[in-house]
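Asks: task: produce atomic coordinates for the following.
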Amino acid sequence: MAVSVERFHPHYPDMELLDTDAIATREPSVTAGRRGQVMAISIANEYTAVNSHKLARSFEQQVRVLRPDYEIQLGCSVRAIHQGEHGFRIDSDNGSLLARVVVVSAGGHSLLFAKRMGYGKHYACLPVAGSFYHTPKLLNGKVYTIQSEKLPFAAVHGDPDLLEPEMTRFGPTALVLPLLERHNWRTLADLLRVTQPDLPVLKVLFTLLGEAEIRRYMMRNILFELPGIGKRLFLDDARKIIPLLQVEQLTFAKRVGGIRPVMIDKQALKLHLGEAQINPGTGIIFNMTPSPGATSCLGNAAKDFATIQELMA
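Replies: Below is the predicted model:
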């Protein structure tokens, strides 16, 4: 762990290596009742969470003030995107728009639009839903457990809930669902269009299930969703962070969490971990597999904007 601090410290100057006593001063619930000594990497003087909904709203409001000549259309569905000789035609519920450059950031549906236009044929989609549990406020900041190298899913972590200040949120779980959008069964048909169960897709899935640790992990995460037994099983994972946590303190966070469409690379026969983008260089960009917590959304937007400037030059 000390080696990791030395490696990353030039990029994160506020990073510190904490021993048990130092952890106890910042996160007493993490050390209370814990046996043995522990260490942690900490960054104390940086923002670690943003209300992305309010951030997006603020961008919208600023655009309306600074550029009243810009048109913003919200709450409408894009039916199709057509590529022509001089750009693109976007058909939506509000009519059609013409554009020289288009950026599609719609999760798994980005891949659906890409395939309709003949791009991304070597990709399929594994939709992974994330759920969370709430407790009374137990943590002052974000606390992450160590990620297993064999698992392609995020390790459990706990953090204050921005929308519920008196709550701490633990998760995510990882449940494979046949949907492109959580709680919307109409997207089942879209998933079937994006991911046809051909031989490369089946090979990737069988390889995943061939790992005993992944099989156990996926089975536990299915059980996490069940009433009663779910939170008792999840308690073991949450106690990695809060050793004295009691099952009575856990409450399943209903309708919290969405779906992350993990890309399956059918040519390389493996999961494409992290974010994925299709940019054929024709003026259209497809962003898939967004960061679940919008961690790098502004960084991605800046990169896309730089690409747009090049295309518009």
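
Asks: the strands in the stretch 201-313 of the chain, which residues?
Replies: According to DSSP state E, counting those that start in this stretch, the stretch 201-313 of the chain carries its strands in the segments 251-252, 259-265, 270-272, 276-278, 284-288.

Asks: quick one: closest of those to residue 175.
Replies: The stretch from these with the least distance to residue 175 (CB to CB) is strand 259-265; that distance is 9.3 Å. For the C-beta atoms, the positions are set from N, CA and C on the backbone; glycine is no exception.

Asks: now the angle from that closest one to strand 284-288?
Replies: Interaxial angle, strand 259-265 versus strand 284-288 (axes from the mean of the first three to the mean of the last three CA atoms, to 10 degrees): 110 degrees.

Asks: what helices or strands is strand 259-265 leaning on?
Replies: When contacts are defined as 3 or more CB pairs under 8 Å, 6 or more residues apart in numbering; DSSP states H and E, strand 259-265 sits against helix 108-116, strand 123-129, helix 199-209, strand 270-272.

Asks: and residue 22, which of the ones you listed is closest to it?
Replies: Per CB to CB, nearest to residue 22 of the helices and strands packed on strand 259-265: strand 123-129, 34.8 Å.

Asks: figure out which of the helices and strands packed on strand 259-265 is closest to residue 176.
Replies: strand 123-129 (5.8 Å).

Asks: that closest one packs against which elements?
Replies: helix 108-116, strand 175-176, helix 188-194, helix 199-209, strand 259-265.

Asks: give me the angle between the first one and strand 123-129.
Replies: In terms of direction (the same axes, to 10 degrees), helix 108-116 departs from strand 123-129 by 170 degrees.

Asks: return the distance of helix 108-116 from the chain's centre.
Replies: Chain-centre distance of helix 108-116: 18 Å, with CA atoms, centre = their mean, to the nearest Å.

Asks: show me the contact partners of that helix.
Replies: Here helix 108-116 makes contact (CB atoms under 8 Å, 6 or more residues apart in numbering) with 78, 80-81, 104, 106, 120-121, 123, 125, 127, 180-181, 187, 190-191, 193-194, 259, 261, 263, 278, 286-288.

Asks: please redo it, this time with the cut-off set to 7 Å
Replies: Contacts to helix 108-116, defined as CB atoms under 7 Å, 6 or more residues apart in numbering, come from residues 81, 104, 120-121, 123, 125, 127, 180, 190, 193-194, 261, 278, 286-288.

Asks: pull the residues that contact stretch 273-282.
Replies: With CB under 7 Å, 6+ apart as the criterion, stretch 273-282 contacts 83, 114, 119-120, 152, 263, 285-291, 300.

Asks: give me the buried subset of those.
Replies: 83, 114, 119-120, 152, 263, 285-290, 300 (16 or more other CB atoms under 10 Å).

Asks: just flag the most distant two among those.
Replies: 83 and 152 (33.2 Å).

Asks: sorry, back to before: buried among the contacts of helix 108-116? Make that a PyMOL selection.
Replies: In PyMOL syntax, the buried subset of the contacts of helix 108-116 is picked out as below (16+ other CB under 10 Å):
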select buried, resi 81+104+120+123+125+127+180+190+194+261+278+286+287+288
